[in-house]
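Asker: below is the structure, and that's it, no one-letter string:
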């Protein structure tokens, strides 16, 4: 089956958006069940790492984790969070 170039390029974006929506709903549900944010985040991180190790070589997973550490250390994560929670003008 042939895909048009634009369709092929947008497929991962659609999948990522859908997966993100599902995760957001799961987080909302767990929060409503009085599960702590730390427990939710730890479970999601553990699940993500488990899935990544099924589809990627360990060295690539390590690189992803190193990139995540660098993002935390240089403040990118906090800036992104602050932008998401900033009041709308």
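Answerer: Looks like it arrived, so ask away. These numbers come from a predicted model, not from an experiment. Numbering: from 1, shown residues only.
Asker: hey, which helix or strand in the protein has the poorest pLDDT?
Answerer: Scoring the helices and strands of the chain by mean pLDDT, DSSP states H and E places helix 76-85 at the bottom, with a mean of 74.
Asker: okay, now the unreliable bits of this protein?
Answerer: Along the chain, the model assigns pLDDT under 70 to residues 1-9, 81, 83-89.
Asker: phi and psi next, for the residue nearest the centre of it.
Answerer: Centre of the chain computed as the mean C-alpha position; nearest residue by CA atoms, centre = their mean is residue 20, 6.9 Å away. Note on residue 20: its backbone torsions stand at phi -60, psi -40 [degrees, to the nearest 10].
Asker: and the gap between residue 60 and residue 67?
Answerer: Applying CB to CB, to the nearest Å, the value for residue 60 to residue 67 is 11 Å. Just so you know, the C-beta spots here come from the backbone N, C-alpha and C atoms, and that holds for glycine as well.
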